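1. I need the structure of the sequence given here:
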Amino acid sequence: MQITYGIITGGGQEEIIARIMDTVDVDEFIVVGDCDLYRKNLKIIPFSEKGRVGHITKKKNMITQAAKNEIIVYSHDYMLPCKGWCRGMEQFGDNWDVQMHQIFNLDGTRYRDWCLSPSCSLPEYRSRERLLPYNVNMTDKMYVSGAYWVAKKEFMQQFPLDESLGMGDGEDIEWSERMRGSARYVMNPDSAVMCMKAKWVVFKEIAPDLLGYVKERDEN
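-> Take a look at the predicted model:
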């Protein structure tokens, strides 16, 4: 497939990056960061962490600049594609700008994939209920979790990540809120990845009554 699979790393993740490359059949891989691997279709872009640790926005923008293909995967080095990832991509249509896949935790539960933005006002005691059903789209209230997404190169050139922000600065929320009014943001449930490390913020699936609450607020 003519897809560029971009991975950002802080180094020391050669084993899982090799597993990613063995799992998906694409014609270009780009790794930004320290990576001691050698593959014919792999481009490694060195990145010094000395100037600013966690400058992930710059790393991802570098993937956009270097990619030769129109479809680009943006992934942290702990997201492992699941079986069927390639088939799901091949069979999905082309009417989109930004695409999300299923993201699983190690225990099989959902990670932050198709979800409402943390800036979307919800009753405080249920604030972690953010995961939408895959057949529900509330584009103007959603956000793209920065650990993994797929996008068109032209769109990312129009809406690059804000390099004044870094890891932990809400850079994914800022980008989502800036671009979502212009994006055809879609869910492709036929491709999936697994988060290979425990994360401290894990959203919960939104309850039906809370989903109705969000829709009602939207309509009013």
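2. Show me what counts as buried in the helix or strand of the chain with the lowest mean pLDDT.
-> Lowest mean confidence among the helices and strands of the chain (mean pLDDT, DSSP states H and E): helix 208-219, at a mean of 77. Neighbour counts over helix 208-219 (16 or more other Cβ atoms under 10 Å) mark 210-211, 214 as buried. For glycine as for every other residue, the C-beta is placed from the backbone atoms N, C-alpha and C.
3. Stretch 177-187 too?
-> Buried residues in stretch 177-187, defined by neighbour count with 16+ other Cβ under 10 Å: 177, 179-180, 183, 185-187.
4. tell me the average confidence for that stretch?
-> Average pLDDT, stretch 177-187: 96.
5. circling back to that earlier point, just checking, which of the buried residues of stretch 177-187 belong to helices?
-> 177, 179 (DSSP state H).
6. Columns distance to Gln91 on top of the buried residues of stretch 177-187, output as CSV?
-> Compiled in CSV, the buried residues of stretch 177-187 are given as follows (distance: Cβ to Cβ, whole Å):
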residue, distance to Gln91
Glu177, 31
Met179, 26
Arg180, 25
Ala183, 22
Tyr185, 19
Val186, 13
Met187, 14
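7. Give me the pLDDT for Thr139.
-> What the model reports for Thr139 is a pLDDT of 83.
8. excluding its backbone neighbours, what's nearest it?
-> Distances taken as Cβ to Cβ, 6 or more residues apart in numbering place Tyr185 nearest to Thr139, at 5.2 Å, with adjacent residues excluded.
9. re the thing from before, could you dump the buried residues of helix 208-219 to CSV with distance to Asn137?
-> CSV is the format used below for these (distance: Cβ to Cβ, whole Å):
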residue, distance to Asn137
Leu210, 17
Leu211, 12
Val214, 12
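10. What is the nearest of the residues you listed to Ala192?
-> Nearest to Ala192 among these is Leu211, at 22.5 Å by Cβ to Cβ.
11. That closest one is in contact with Asn135, isn't it?
-> No. Leu211 is beyond contact range of Asn135, at 11.6 Å (criterion: Cβ atoms under 8 Å).
12. If we go by neighbour counts, what in the helix or strand where Glu154 lies is buried?
-> In the assignment (DSSP states H and E), Glu154 maps to helix 153-158. Buried positions in helix 153-158, judged by neighbour count with 16+ other Cβ under 10 Å: 153, 155-156.
13. Rebuild those as TSV, extending it with pLDDT and distance to Gly88.
-> Output for the buried residues of helix 153-158, formatted as TSV (pLDDT from 0 to 100; distance: Cβ to Cβ, whole Å):
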residue	pLDDT	distance to Gly88
Lys153	98	20
Phe155	98	20
Met156	98	21
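14. and of those, the nearest to Ile173?
-> Using Cβ to Cβ, the buried residues of helix 153-158 come closest to Ile173 at Met156, 17.0 Å.
15. tell me the SS of the spatially closest residue to that closest one that is not a sequence neighbour?
-> Once flanking residues are discounted, Met156 sits nearest to Thr64: 4.5 Å by Cβ to Cβ, 6+ apart. With DSSP: H, G, I helix; E, B strand; the rest coil as the basis, Thr64 sits in helix.
16. Contact partners for Thr64?
-> 72, 153, 156-157, 160 (Cβ atoms under 8 Å, 6 or more residues apart in numbering).
17. for Lys50, same thing?
-> Lys50 neighbours (Cβ under 8 Å, 6+ apart): none.
18. what about it, distance to Asp34?
-> 12 Å (Cβ to Cβ, to the nearest Å).
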